[in-house]
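Chemist: sequence first, then the predicted structure:
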Amino acid sequence: MTTSGLTVRAPASSANLGAGFDIFGMAVGLHADIGTGDAPDGAQQIDEHHPAREAFALLGGTGPIWLRCNIPMARGLGFSGAVRVAGAALAVCQLAADPTQAVAERSNDILDVTTRLEGHGDNVAASLFGGVTAYVDPEARPFAVGPVLGSARFVAWIPDVTTSTDKSRKTLAPMVDRASAVFNIGRAVQFALAFAHDDPAMLVDATADRLHQSARLPLVPGAAEAIATGVAAGAWCAWLSGSGPTVGMLAGPEVADEVAASLPDGGHTKVLPIDPNGAHLLT
C-alpha cells in the first residue's frame, strides 16, 4: 500500500560530544521536514542528487519529495544526517499499511541505510532516535535522559564559515597513543554516567578529548576561545560539534542566555532544547 501527502520531521544533531568520537550524538531543536508531493510554500523540491532523495529511494520511496529545513549546512549540526534520516523515514511511511508505526517498526533499516550513506552512525542515530545516543556498530543505544539534563539547553556558537567532514578527518593522526586512548575512554564513561545519574556536575571536564579536537580546533578561529568562555560563563561542558565549525555546550536553562551572550564575535548563537522525539511522522 502506498500513501501520499506525508511529512516526516528529523532533528539536527551534535556529534562526538567531546570524547565520544564517532559514537555519541545529541539531537537538538532544529529540524528538517521532508514530504511527498509538490513543495508547499517555503519548501524546496528535492532533485535526484539530494542526499535525502538517495536515502528515500534506497528504502523504496517513489514520486516527488520536498524539503523545508532550518539546519545550517556544513556547520557541524548534522544537516546531511538529518535529511537522510527524514528521507529514509518518509519512504518507510509511504510504503507502510500504518504509517504512524512505520518509523519505529523499521528503525533498524533506517539506521542501517543512513549510516552507510553517512559513513558513520553518530549523527544519524541521534536524528533517528532523539535525545542522546551512542552508536555501537551496528546498533544505536539511547541514553536515559532525566528531568535535570532533559531540561538543559544546547548553546551553539556558529561561525560564519563552513567545514568539510572529509577534509577535517584528513587532519587526524592515523594512530593514537595509549595514554590518549585511556584518557578518552575515561571521559566518555564520565559523560555517560552524568546522564545515568542525571547529574550535571559530572559533566565538568567530561567533554575533554585527545583524539580529534586538538587537530580540528585550530582550523576554526575563535572556537577554542568559545569553549573556554562558555564554560567560564556557566556552561557545564563544551565541545567542537562534529567536525566543526560550530561549538556546542550544555547549560542549565537559567544561565543559557548568559552563556550565549558571553561568546566571542565571529559567530552567531542559538539556544536550543535537546530534541527528545527523533524522526517522526507529522500529523
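Modeler: Perfect, I can see it now. Numbers count the residues shown, from 1 in each chain.
Chemist: report the buried residues of the longest helix along the chain.
Modeler: Scanning the chain for the longest helix, with DSSP state H as the assignment, gives helix 178-196. In terms of neighbour count (16 or more other C-beta atoms under 10 Å), helix 178-196 has its buried residues at Phe183, Asn184, Arg187, Ala188, Gln190, Phe191, Ala192, Ala194, Phe195. C-betas here are computed from N, CA, C, even on glycine.
Chemist: what about it, distance to the chain center?
Modeler: Remark: helix 178-196 is offset 20 Å from the chain centroid, using C-alpha atoms, centre = their mean, to the nearest Å.
Chemist: same question, stretch 76-84
Modeler: 7 Å.
Chemist: before we move on, the earlier item: got the buried residues of helix 178-196 as JSON lines, with distance to Gly78 and pLDDT columns?
Modeler: Formatted as JSON lines, those follow (distance: C-beta to C-beta, whole Å; pLDDT from 0 to 100):
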{"residue": "Phe183", "distance to Gly78": "26", "pLDDT": "98"}
{"residue": "Asn184", "distance to Gly78": "21", "pLDDT": "97"}
{"residue": "Arg187", "distance to Gly78": "21", "pLDDT": "98"}
{"residue": "Ala188", "distance to Gly78": "19", "pLDDT": "98"}
{"residue": "Gln190", "distance to Gly78": "23", "pLDDT": "98"}
{"residue": "Phe191", "distance to Gly78": "18", "pLDDT": "98"}
{"residue": "Ala192", "distance to Gly78": "20", "pLDDT": "98"}
{"residue": "Ala194", "distance to Gly78": "22", "pLDDT": "98"}
{"residue": "Phe195", "distance to Gly78": "19", "pLDDT": "98"}
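Chemist: so where do the helices sit in the stretch 1-150 of the chain?
Modeler: With DSSP state H, counting those that start in this stretch, the ranges of helices along the stretch 1-150 of the chain come out as 51-58, 79-95, 99-105, 107-118, 122-129, 147-150.
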